[in-house]
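Participant: take this sequence and fold it.
(4 chains)
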Number of protein chains: 4
Amino acid sequence: MSQTVYQPQDAKGRDDKANRARMLVSCPDRAGIVAAVSQFLYEQGANIVQSDQYTMDPEGGMFFMRIEFDLQNLEQNLPSLQEDFTRIADRFEMRWSVYRASRKKRLAIFVSKEDHCLLELLWQWQAGDLEADIAMVISNHNDMRALVESFGIPYHHIPVTAETKAEAERQQLELTSGKVDLVILARYMQIVTPKFIERFTNRIINIHHSFLPAFVGGKPYQQAYDRGVKLIGATAHYVTAELDAGPIIEQDVQRVSHRDNVAELKRIGRHIERIVLARAVKWHAEDRLVVYQNKTVAFV
Amino acid sequence: MSQTVYQPQDAKGRDDKANRARMLVSCPDRAGIVAAVSQFLYEQGANIVQSDQYTMDPEGGMFFMRIEFDLQNLEQNLPSLQEDFTRIADRFEMRWSVYRASRKKRLAIFVSKEDHCLLELLWQWQAGDLEADIAMVISNHNDMRALVESFGIPYHHIPVTAETKAEAERQQLELTSGKVDLVILARYMQIVTPKFIERFTNRIINIHHSFLPAFVGGKPYQQAYDRGVKLIGATAHYVTAELDAGPIIEQDVQRVSHRDNVAELKRIGRHIERIVLARAVKWHAEDRLVVYQNKTVAFV
Amino acid sequence: MSQTVYQPQDAKGRDDKANRARMLVSCPDRAGIVAAVSQFLYEQGANIVQSDQYTMDPEGGMFFMRIEFDLQNLEQNLPSLQEDFTRIADRFEMRWSVYRASRKKRLAIFVSKEDHCLLELLWQWQAGDLEADIAMVISNHNDMRALVESFGIPYHHIPVTAETKAEAERQQLELTSGKVDLVILARYMQIVTPKFIERFTNRIINIHHSFLPAFVGGKPYQQAYDRGVKLIGATAHYVTAELDAGPIIEQDVQRVSHRDNVAELKRIGRHIERIVLARAVKWHAEDRLVVYQNKTVAFV
Amino acid sequence: MSQTVYQPQDAKGRDDKANRARMLVSCPDRAGIVAAVSQFLYEQGANIVQSDQYTMDPEGGMFFMRIEFDLQNLEQNLPSLQEDFTRIADRFEMRWSVYRASRKKRLAIFVSKEDHCLLELLWQWQAGDLEADIAMVISNHNDMRALVESFGIPYHHIPVTAETKAEAERQQLELTSGKVDLVILARYMQIVTPKFIERFTNRIINIHHSFLPAFVGGKPYQQAYDRGVKLIGATAHYVTAELDAGPIIEQDVQRVSHRDNVAELKRIGRHIERIVLARAVKWHAEDRLVVYQNKTVAFV
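Facilitator: Model (predicted):
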């Protein structure tokens, strides 16, 4: 297959983003934050393109802000802007980051045998809808090698058994540490290790095939069938040490009926899973998510 | 307020239903059931208006059917049709019922202090969208007496405290036994007694303010807020002895975000609750629901 | 019926809004607007609670902003804040307004014979979900007088015939001019006059019973049935001189099937209409809408 | 790429369908149809697995029915069943067809340069969710040859210009006549000829990128943007001689806001288009659609 078919298309109709940056800020709320930040950016010659904020509780809560701005010669000028900003950040006790939009996040996608979530990500990436680079696919099976390599993406087969667990973790860390910004568990049927989670805090997204917190754990479609629910769903969340309990990023559901057996629930569910996961990955790639106390603030 | 304002309007544009009947059948699946029932109805002179069926598992599962038919002089002719049908029913080991559409179900609505679910039912009833008679409203508070009586509906105030529990149950049973076909817990904040549940098996509908089985028990909106879900929902279900675990009739959800605090979740939730409960009541009133092994088959 | 039943409840769990103001701004986009406005508010001692902005086109488009802020002793301090703000407004060629949240919009609801949209507004108002005062209901029929007056709201019966048209307009203007902030056509089946529209530019909201621009004009449900659509919808829009062509505020749809005849489409449609209209009114009441070139910017 | 990757998987968890048939019937409504058909099938030894019916108007309207049944040795026994059924069909003046579920529909997919609808169909087919054979892809461009051929599917490049129109039609008919059961216009940007439409009456499905009948014709997303709608949609319909006016099979919508420019509407729209088209194709492939007077009866 020709490479050219699958290279991500230019994002049609989008403005050039070479000079676009995104700033994420969180701090205790008090008067003057917006004024200070926007005045600072104005003085630096930056033009605010979009700005969104959220105050958890008007009385003494946390304040969160996301700003997109354009700055001439961003690459040269950003370091000094960041240095100057520490003054503001210190004054308001901020946690903050600035990302360059043109510096795409590097993704590692973990899969097992089900391909629908992977295919959706590949499709959206190829369509130019996912602003990210897919650096690699890692799988405990070899089944999807041909598919993935046809997109020009490296495929790493790392089997996982009781005996090889430690070795598998070692290989996964070696492949990803410092080379990947976000790990996506796209129906990866193995549990990632605490050490791996720690290395990628708030940077591992999992898709769980139920509307959490309903049906935690295994076989959620069987659980849903047994309970006779009238909607089934999927949940994308950041992975934490506790199974299926990390900060929820996105959820969606679809109507089902008594006519749908477990196989049919799975079929319907696959469509929800891939859509929900793709949304969550897109938002992370566009720096729209802030985690605070096991919840996500999603500027979408 | 004038009575005429609030009397249910004639269902506009609907065909007259004096001769309309609805048959619900369930039995072990085998060949020939549809043929036998439809042939029987044809020989009785009945005209099938609608028919719906469901086979749980093509190999040895249960079979469920709902048939709407018209029969000349239904009132006179139905008893003999029912007598004759026992022959078919015995042959296929059926559980079955026939209902006359013109004989509206009599409802008792239980409320406490929140009125939104009650108001929706009153509104739909008044608009002619709910084919039922509202026989009475029972409340452990007196707050909604004026409202309910303005619709010409009897209002019974039965306080419930630790001491009066037995007396309350006695009064509730006395008011409803044999006089009511369906009990609706429209945000009734008391637990109904096992004895009451037994008297109205599969005839008590509760609205739970979460997407069950997520957030069973008290304060579901607080639970939803704490977990940071991105959708909130409501569930209408038949009441069984186990709390929030009865057969689910209908569920729906609405999107929320990190911006919505608990008060806002409650506000959004009220809209879902009233819609979901009203749908469940409507389906029960139209004989569209069959309960089988803690699930509902909903012919909708 | 007791008045107390129907008085809007205190908005439960909401912060007190005596010192809350909302500012709406639109102007040609250029650098420094956010900085200037937020710096100004900070210097005035105002605390920004929420802020939302939108730039139509990063290159030379329009800029829109909505800011909610708290200011000590708002009533006394707002006039001087407004006076001082003209300096900023002139510099950026702004169109702008500031509203006090505690000063509720006064609504006039126009109805004919269908009551579902009116009832929804009354219900949401009574539940404390609609921050507005319902100043009056005006109808070309007398049918809903008892209902409306039971809420303690004045009801004006102004018949409209070919002969009385001019007189009707005169009465409507006399009742509403200067006494009402927003006019709601809640399934009012008469065409309001150009003179009336001019008096209430971008302050008349109509609910059209289709997904505009599909099915403009009369009998949209019949049109929808004839075309065999699989979704039906409703549209809330500001009224302009051209029929059904004003700026769209909100739309929603619901799934239908070949089984639904025109009467059933109307029944389903009534639910969509009341929800969509109530949302649009709520947003207008909370100063969330800006009209620009026959479109609405909705900060929701 | 290896063929084995992309061959449709066995439909997991589904019952074997070698002996499954589907009957579609339409006729003027009168008493006894269901009895006659179900009695007939019973006598033939067939077991009804699913049955669905619809009466357009209880008084003298049309009657439609879809029955799924299992019959031992279907391949050998179906011809005589069909012959015997003519007796019933004549009595009730039926139009009818019987399809064997194991005999999959052969599809020809027409595309131009946009690949999202094609990819969705390929993906669902490969996942075993689409019971059909993709016999060929025909395009007026050569862009997707590598992609399509990697699935083992023949790709025919038939350029269409003003001069080659007649020759293109000839080639299209030669490739498809008698070899294809359903033609899918998956964002095919050429108008198919009346002669071609006539050859495939009610067997050409087009995806239109708007919620019809809103935004008929070209550039619907631009039209939607200009009108300022709050939802955008897509419509799958059978193709008739009149542009965008054929029987609607399926529609869906998604919420948009003032923030979405035309490019963003297109991006969102692509997701709706592929889902809606895939649903319509699936229903046709499963014999769930009956066309009557420019509407579809969809047994789904």
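Participant: with only the CA atoms kept, save stretch A:103-120 in CSV.
Facilitator: The C-alpha trace of stretch A:103-120 is given here as CSV (Å, rounded to 0.1, in the frame of the first residue of the first chain):
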residue,chain,number,x,y,z
ARG,A,103,4.7,20.5,18.7
LYS,A,104,2.4,17.6,18.4
LYS,A,105,2.0,15.1,21.3
ARG,A,106,3.7,11.8,20.6
LEU,A,107,1.3,8.9,21.3
ALA,A,108,1.9,5.2,22.1
ILE,A,109,-1.2,3.1,21.5
PHE,A,110,-1.5,-0.2,23.4
VAL,A,111,-3.8,-2.8,22.0
SER,A,112,-4.6,-6.5,22.3
LYS,A,113,-6.9,-8.3,19.8
GLU,A,114,-9.8,-5.9,19.3
ASP,A,115,-9.0,-3.3,16.7
HIS,A,116,-12.0,-0.9,16.6
CYS,A,117,-10.5,1.7,19.0
LEU,A,118,-7.1,1.6,17.2
LEU,A,119,-8.7,1.9,13.8
GLU,A,120,-10.8,4.9,14.8
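Participant: can you mark which positions in it are buried?
Facilitator: A:104-112, A:114-120 (16 or more other CB atoms under 10 Å in any protein chain shown). All C-beta spots, glycine's among them, are computed from the backbone N, C-alpha and C.
Participant: filter those down to just the ones in strands.
Facilitator: A:105, A:106, A:107, A:108, A:109, A:110, A:111 (DSSP state E).
Participant: for the closest residue to chain C within the stretch 201-300 of chain A, give me its contacts.
Facilitator: Minimum separation of the stretch 201-300 of chain A from chain C (CB to the nearest CB) falls at residue A:255, amounting to 9.2 Å. Going by CB atoms under 8 Å, 6 or more residues apart in numbering or on different chains, residue A:255 touches A:230, A:231.
Participant: before we move on, what about residue A:183?
Facilitator: A:107, A:108, A:110, A:176, A:192, A:200, A:203, A:204, A:205.
Participant: nearest to chain B among those?
Facilitator: Distances from chain B to these, taken by CB to the nearest CB, are shortest for residue A:205, at 14.0 Å.
Participant: identify the bridge partners of the closest one.
Facilitator: Under DSSP bridges, the beta-bridge partners of residue A:205 are residue A:184, residue A:238.
Participant: and for it, the neighbour number?
Facilitator: If you count neighbours by other CB atoms under 10 Å in any protein chain shown, residue A:205 ends up with 25.
Participant: re the thing from before, restrict the buried residues of stretch A:103-120 to those near chain D?
Facilitator: Applying CB under 8 Å from any CB of the partner chain to the buried residues of stretch A:103-120, one finds that A:115, A:116, A:119 fall near chain D.
Participant: residue D:124 versus the last one, what's the distance?
Facilitator: Computed with CB to CB, to the nearest Å, the distance linking residue A:119 and residue D:124 is 10 Å.
Participant: how many neighbours does the residue lying closest to residue A:93 once chain neighbours are set aside have?
Facilitator: Closest residue to residue A:93 apart from its sequence neighbours, by CB to CB, 6 or more residues apart in numbering or on different chains: residue A:27 at 5.3 Å. Neighbourhood size, residue A:27 [other CB under 10 Å]: 18.
Participant: repeat for the one 3 residues further on
Facilitator: As a burial measure, residue A:30 scores 11 neighbours (other CB under 10 Å).
Participant: three-state assignment of it?
Facilitator: Following DSSP: H, G, I helix; E, B strand; the rest coil, we place residue A:30 in the coil state.
Participant: and the pLDDT for it?
Facilitator: Looking at residue A:30, its pLDDT stands at 90.
Participant: residue contacts, it?
Facilitator: Residue A:30 makes contact with A:63, A:92, according to CB under 8 Å, 6+ apart.
Participant: ok, now how distant is it from chain B?
Facilitator: 19 Å (CB to the nearest CB, to the nearest Å).
Participant: also residue A:188?
Facilitator: Distance, residue A:188 to chain B, by CB to the nearest CB: 22 Å.
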